[in-house]
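J.: Have a look at this prediction, sequence included:
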Amino acid sequence: MQTEEKQITGQPGWIQPPFILGIDGLSHEELQTELASGGRLVFFEYCISFVFFTLRHPSPIYFLRRDQWGWPRGLPYTLISLLVGWWGLPWGIVYTPLTVLTNLAGGRDVTAETWGQLLRPRIETVAQRDEGRFRP
């Protein structure tokens, strides 16, 4: 199974990751500038319960500019949790308020963790392929 990847202009070896929503069309420099000026990479959570077990799952990562609020993007995940998260014993009652609070607070900020890993693996893969050590 192949993952669709798009080359981002402005940086050799910079591949746009398919799991971050909202960075379409941004070059590496533009994304770096946006993050330095207060942009964030966040994910939201949702909770689904089935009487005897509960699932707590993260959303894809979203890019939010410094002037964007996170809670509107997290609203669908909050509604899912409110509708079907409470019904599991005992974890539905515990996880549902946690997911709702996380989403209403604008999501969980993972900028540092994601940005640190975003460019490095792609450059290593491209360098290995160019040197002939990596054969797809």
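T.: Arrived safely, thanks for sending. Numbering: from 1, shown residues only.
J.: which strands and helices sit next to the helix or strand harbouring Cys47?
T.: Counting by DSSP states H and E, the element that carries Cys47 is strand 45-50. The helices and strands touching strand 45-50, judged by 3 or more Cβ pairs under 8 Å, 6 or more residues apart in numbering; DSSP states H and E, are strand 53-58, helix 71-84, helix 91-104. Where you see a C-beta, it was placed from the backbone N, CA and C, and this is true even at glycine.
J.: Mean neighbour count added to those, as JSON lines?
T.: Shown next, in JSON lines, are the helices and strands packed on strand 45-50 (neighbours: other Cβ atoms under 10 Å):
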{"stretch": "strand 53-58", "mean neighbour count": "16"}
{"stretch": "helix 71-84", "mean neighbour count": "17"}
{"stretch": "helix 91-104", "mean neighbour count": "18"}
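J.: Low-confidence stretches in the chain?
T.: 1-18, 119-136 (pLDDT under 70).
J.: Could you tell me how far Gln68 is located from Gly74?
T.: Applying Cβ to Cβ, to the nearest Å, the value for Gln68 to Gly74 is 12 Å.
J.: what does Val84 give?
T.: Counting by Cβ to Cβ, the gap from Val84 to Gly74 is 16 Å.
J.: Pro60 now?
T.: Pro60 is 12 Å from Gly74, by Cβ to Cβ.
J.: Who are the contact partners of the residue positioned nearest the centre of the chain?
T.: In the chain, the C-alpha nearest the mean C-alpha coordinate belongs to Ile61, at 1.2 Å (Cα atoms, centre = their mean). Ile61 sits next to 19-21, 41-43, 110, 114 when contact means Cβ atoms under 8 Å, 6 or more residues apart in numbering.
J.: Repeat the analysis, applying 6 Å as the threshold.
T.: Shown in contact with Ile61 (Cβ atoms under 6 Å, 6 or more residues apart in numbering): 19-20, 41, 43.
J.: All set now, cheers.
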